[in-house]
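S.K.: Quick one, what's the 3D model for this:
(one chain, ligands or ions: 1)
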Amino acid sequence: MDAMTEKTAHADTVEFYGARVNSRLLLGTAQYPSPAILAEAIRASGTEIVTVSLRRESGVAKSGQSFWQIIRDLGVKVLPNTAGCKTVKEAVTTAEMARELFGTPWVKLEVIGEDDTLQPDVFGLVEAARMLVRDGFQVFPYTTEDLVVAEKLISAGCEVLMPWGAPIGSGRGLNNPYGLRSMRAHFPGIPLVVDAGVGVPSHAAAAMEMGYDAVLLNTAVAKAGDPVRMARAFARAIEAGREALIADPMEVRDMAAPSTPVMGRAVLGQ
Ligand SMILES: CC(=O)[C@@H](O)[C@H](O)COP(=O)(O)O
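M.R.: A predicted model of the protein is given here:
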């Protein structure tokens, strides 16, 4: 990389609702073996935004306190989520409580429509997004790669979209690369974040190579044998994928093209 490209890559930040961050990795905070490992994984990931479930906070009062202290000490931005909410009413109420508790207008909006896949109820999602935006929230909707739904979310006032890679916790990676590519092409100016289902760093790198602005993940780091090392691996993969995109990858071709040009003919064995 020449000095100029290096400078450009380093100045490469991303903006969500006017907040500019350097790291394109957003990290979930559930299911870590211990609060200490969670803190170390957050540090190793270099993330500047962590997503936090209100249910977890209010459910476990005591560990909730130390958890909140850890997040505060790390100085990262908090993106409260409505994880596990299945109705519009539940999601909106959870978002309102989260705003009060965490003091941020940001909300990662999940309205879950189905238990086996935990896929979004996109009808409820659009309705809840509309209500929350009207109420002053800055909504990060967990959605599918459906372009019609995406248009409706944008009309509702969402300035970021978070299509799923695969079902939450599945680790399957990018189930529908075609759909995700179409979405990127269709919304060139909207920050797009692949959220959920990412299993290994190469999945995250692939999302970045497609032109996604960031990746949100939780289980792949929290459930790794060594979450701290895995957090670091994801950070590097996301940087590599982003750098590759900026570097403008070669065209894919069907036929071979010799990478070593041959001039003349070698005369051997005489
Ligand atoms: C923490 C959170 O917001 C999850 O609901 C998110 O969608 C991440 O999913 P994975 O755990 O599959 O990475």
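S.K.: Where do the strands of the stretch 51-200 of the chain begin and end?
M.R.: According to DSSP state E, counting those that start in this stretch, the stretch 51-200 of the chain carries its strands in the segments 77-81, 106-109, 138-143, 162-163, 193-195.
S.K.: nearest spatial neighbour of Ser66, skipping sequence neighbours?
M.R.: Of all residues not flanking Ser66 in the chain, Pro35 sits nearest, at 5.7 Å (C-beta to C-beta, 6 or more residues apart in numbering). From N, CA and C alone the C-beta is placed, and that goes for glycine too.
S.K.: pretty sure the one you found is touching Phe67, no?
M.R.: Yes. Pro35 is within contact range of Phe67, at 6.2 Å (criterion: C-beta atoms under 8 Å).
S.K.: Mind checking which of these two has more residues around it?
M.R.: Ranked by neighbour count (other C-beta atoms under 10 Å), Pro35 and Phe67 place Phe67 first, with 19 against 15.
S.K.: and Ala222, how far is that from Gly46?
M.R.: For Ala222, the distance to Gly46 equals 17 Å [C-beta to C-beta, to the nearest Å].
S.K.: For these two, indicate the residue with more neighbours.
M.R.: Neighbours per residue (other C-beta under 10 Å) separate Ala222 from Gly46, with Ala222 holding more: 21 against 18.
S.K.: and the nearest residue to that one once chain neighbours are set aside, what is it in contact with?
M.R.: Closest residue in space to Ala222, ignoring its immediate chain neighbours: Gln31 at 4.0 Å, by C-beta to C-beta, 6+ apart. Residues in contact with Gln31 (C-beta atoms under 8 Å, 6 or more residues apart in numbering) are Asn218, Thr219, Ala222, Lys223.
S.K.: Of those, which are in range of the ligand?
M.R.: Asn218, Thr219 (C-beta under 6 Å from any ligand atom).
S.K.: Would you show me how to pick out the buried ones of the contacts of Gln31 in PyMOL?
M.R.: In PyMOL, a selection of the buried entries from those looks like this (16 or more other C-beta atoms under 10 Å):
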select buried, resi 218+219+222
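S.K.: any chance of the contacts of Gln31 in TSV, with pLDDT, distance to Ile71 and secondary structure too?
M.R.: Below are the contacts of Gln31 laid out as TSV (pLDDT from 0 to 100; distance: C-beta to C-beta, whole Å; DSSP: H, G, I helix; E, B strand; the rest coil):
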residue	pLDDT	distance to Ile71	secondary structure
Asn218	98	14	coil
Thr219	98	19	helix
Ala222	98	15	helix
Lys223	98	20	coil
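S.K.: Format the contacts of Gln31 as JSON lines; extra columns: distance to Val194.
M.R.: As requested, the contacts of Gln31 are exported to JSON lines (distance: C-beta to C-beta, whole Å):
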{"residue": "Asn218", "distance to Val194": "13"}
{"residue": "Thr219", "distance to Val194": "14"}
{"residue": "Ala222", "distance to Val194": "17"}
{"residue": "Lys223", "distance to Val194": "18"}
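S.K.: Could you work out the most separated pair of the contacts of Gln31?
M.R.: Pairwise distances across those (C-beta to C-beta) peak at 8.8 Å, for the pair Asn218 and Lys223.
S.K.: Give me the distance between Ala244 and His203.
M.R.: Taken as C-beta to C-beta, the span from Ala244 to His203 is 14 Å.
S.K.: cool, and Pro35?
M.R.: Pro35 is 27 Å from His203, by C-beta to C-beta.
S.K.: With Ile168 instead?
M.R.: Ile168 is 14 Å from His203, by C-beta to C-beta.
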